[in-house]
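Enquirer: would you be able to build a 3D model of this:
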Amino acid sequence: YRNPAIPTQMRVDGRGNVLILENKGLYKAHYTQLTSDLLNTPPLYQSENFVLFNALESDQQGNDWISTGGYGLLKEVPNTRKFEHYFKGSSIWTLFEDSYNRLITNHFKAFYIANRNKDEHLPLKPIFKDVHAVVEDGKGGYWQLRNDTVNYSKMTLTGLTKDFKAIRHYELKTIGIGENLGRMCKDKKGNLLITGIGSSVIEFDTLRKKFNYFSYKTYIPDNMGVYSNYLDRQDNLWICTQNGLLKAIPLTKGGYQFQVFKHNPLESNSIADNQVSMVLDDPKQPDHYLWIATHGGGLDQFNKKEGTFRHFTAKKGLPNDYIVGILADDNANLWLSTYYGLAQFNTKTFTGTNFTSKDGLQSDEFAVGSCFKNKAGEMMFAGVNGVNIFHPSDFNNKKQNITLKINRLTVNNQDILPFDKTGILEQSIEQTHELDLSYDQNQVTFGFSLIDFDNASKNRFSYQLVGIDEDWIEAGTAHYVNFSQ
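Expert: Next comes the predicted model:
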């Protein structure tokens with residue numbers, strides 16, 4: 001029913017969106033997508049009081065600000081949901097997408113096959129139980145690492161077909177596994193590298209069907225679990241453990257030379273924490289740098305040539321110091337999963353953007369090593385409430401330049417106003433370009449603001465006093481800086 005006493009009102013914003021107020025409901029469509037049935041769709045906003053549409057303005061983030069006839073100001077935020085959420089309610093340890101576009105997930109050593117386009121939840125029954133790891137063999141099938149249901153120390157490597165039917169079995173010689181998970185990856189020749197079950201790198205030659213065992217027990221004890229493995233560009237195997245980062249350097253005649261990196265509180269350039277979740281070559285300089293996700297010490301940049309570590313923590317802008325997953329996008333940004341959300345980290349500027357469950361993440365808590373980048377460039381991060389899948393290119397739209405304004409001046413703990421008795425300001429601080437202070441006016445505070453209502457709490461600031469500060473100083477989310485002498 002349309003009330004003839006209330007006229008239809010229409011406005012167009014600066015981006016070509018048409019907003020229509022009809023019968024106390026607000027409707028929106030881009031002018032290129034206007035259809036005759038727009039008013040038959042659910043309105044963006046409905047209120048008995050919304051009868052006048054006085055003005056419309058668009059801000060730099062694409063939000064529309066609508067003034068009403070005496071009932072306040074409305075902010076219409078465009079739908080920017082970019083994180084797709086799958087398999088809600090499931091805690092997922094590891095996952096990958098296979099060559100057949102199937103998602104294979106590990107949930108408490110139970111593996112499931114799922115189709116994200118069809119399945120809202122993981123299947124009720126897993127395809128495997130008591131399985132540590134599954135990888136593709138490069139020939140259309142899979143390799144599976146599995147423990148005996150009674151004797152955990154009895155481990156079997158099984159070859160599988162495309163349909164996950166077992167076609168061959170190879171028993172491993174292992175001791176001291178306990179409750180640890182075995183980890184498995186492939187080298188460039190298609191051979192398997194297994195760690196985490198005992199203190200050895202276990203090589204399996206897929207042509208000769210032969211195991212080789214190379215102990216690293218003198219570096220990492222048996223009872224220390226392995227979070228993940230990584231084969232870098234130089235063919236070094238990095239083993240991320242609960243008690244240090246182990247580098248296995250392949251030798252020409254076979255075997256490995258081992259080197260372990262552990263935190264030394266007396267050396268500021270040592271690794272930040274002994275618990276290492278994952279590592280990844282720098283997307284631009286893989287021969288020079290390795291990025292290290294630590295479980296409590298934040299993110300480290302390892303200089304392969306100098307053997308030193310540079311640290312990035314929550315104090316420098318990361319959402320959390322527990323970094324549990326790390327991937328790189330095509331623009332050389334790192335994507336970090338943590339125990340408090342997800343972060344996009346720029347490897348050039350060492351700055352980034354943080355996201356939480358309020359932005360559509362499955363939860364703020366993600367699982368260690370549970371991430372994957374598929375052949376289409378999509379990223380997958382899993383946690384305690386399912387999987388988030390997104391494409392990094394959806395986050396490349398940079399904000400238009402937003403001007404930061406200094407709007408407050410305090411000298412010796414006293415607010416300074418134009419033409420006050422101090423004589424410091426002859427006009428507002430916003431329009432003042434220089435200050436003339438006496439020697440005893442040596443405690444100065446500048447307050448500033450950034451007119452950005454799009455997740456304003458995530459804005460972080462840095463400052464530099466030219467001539468005094470050698471580099472930019474991280475101020476975090478604080479809207480003021482102090483100088484004293």
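
Enquirer: drop to CA atoms for contacts and neighbour counts, all remaining ones
Expert: Fine.

Enquirer: the stretch 101-250 of the chain: strands as residue ranges?
Expert: For the stretch 101-250 of the chain, the strands defined by DSSP state E, counting those that start in this stretch cover 103-107, 110-114, 131-136, 142-147, 155-160, 166-171, 183-186, 192-195, 200-205, 210-215, 226-231, 237-241, 244-250.

Enquirer: kindly reformat those as TSV containing mean pLDDT.
Expert: Putting those into TSV (pLDDT from 0 to 100) gives the following:
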stretch	mean pLDDT
strand 103-107	93
strand 110-114	94
strand 131-136	95
strand 142-147	95
strand 155-160	95
strand 166-171	96
strand 183-186	95
strand 192-195	96
strand 200-205	96
strand 210-215	95
strand 226-231	96
strand 237-241	97
strand 244-250	97
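
Enquirer: closest to Asn40 out of the ones you listed?
Expert: Distances from Asn40 to each of the strands of the stretch 101-250 of the chain were compared using C-alpha to C-alpha; the minimum, 36.6 Å, belongs to strand 110-114.

Enquirer: what is the closest one packed up against?
Expert: When contacts are defined as 3 or more C-alpha pairs under 8 Å, 6 or more residues apart in numbering; DSSP states H and E, strand 110-114 sits against strand 103-107.

Enquirer: got the angle for the strand it packs on vs strand 131-136?
Expert: 170 degrees (axes from the mean of the first three to the mean of the last three C-alpha atoms, to 10 degrees).

Enquirer: who's in contact with strand 103-107?
Expert: For strand 103-107, the external contacting residues (C-alpha atoms under 8 Å, 6 or more residues apart in numbering) are 90-98, 111-116.

Enquirer: that one pairs with which strands?
Expert: Sheet pairing for strand 103-107, assigned by DSSP bridges, gives strand 94-97 (antiparallel), strand 110-114 (antiparallel).

Enquirer: gap between it and the chain center?
Expert: With C-alpha atoms, centre = their mean, to the nearest Å as the basis, strand 103-107 stands 20 Å off its chain's centre.

Enquirer: what's near enough to touch Ser363?
Expert: Contacts for Ser363 were tallied using C-alpha under 8 Å, 6+ apart; they are Gly341, Thr356, Ser357, Gly383, Val384, Asn385.

Enquirer: out of these, which end up buried?
Expert: When burial is judged by neighbour count using 16 or more other C-alpha atoms under 10 Å, the buried members of these are Gly341, Thr356, Gly383, Val384, Asn385.

Enquirer: buried residues in stretch 85-96?
Expert: Using 16+ other C-alpha under 10 Å as the test for burial, stretch 85-96 gives His85, Tyr86, Phe87, Lys88, Ser90, Ser91, Ile92, Trp93, Thr94, Leu95, Phe96.

Enquirer: next one: stretch 345-361
Expert: Judged by neighbour count (16+ other C-alpha under 10 Å), stretch 345-361 contains these buried residues: Phe345, Asn346, Thr347, Thr351, Gly352, Thr353, Asn354, Phe355, Thr356, Asp359, Gly360, Leu361.

Enquirer: looking at it, the third one is touching Asn331, isn't it?
Expert: No. At 9.5 Å, Thr347 and Asn331 do not qualify as touching, with contact defined as C-alpha atoms under 8 Å.

Enquirer: any stretches of the protein with poor pLDDT?
Expert: For the chain, the stretches flagged by pLDDT under 70 are 1-7, 47-54, 60-62, 69-71, 77-81, 175-179, 397-402, 451-458.

Enquirer: got a list of what the closest residue to Asp64 other than its chain neighbours touches?
Expert: In this structure, Asp64 finds its nearest non-sequential neighbour in Ser58, 4.5 Å apart by C-alpha to C-alpha, 6 or more residues apart in numbering. With contacts taken as C-alpha under 8 Å, 6+ apart, Ser58 has the following neighbours: Asp13, Gly14, Asp64, Trp65.

Enquirer: before we move on, back to that, which pair in the buried residues of stretch 345-361 spans the largest distance?
Expert: The widest separation within these, taken as C-alpha to C-alpha, falls between Thr347 and Gly360 and amounts to 24.5 Å.
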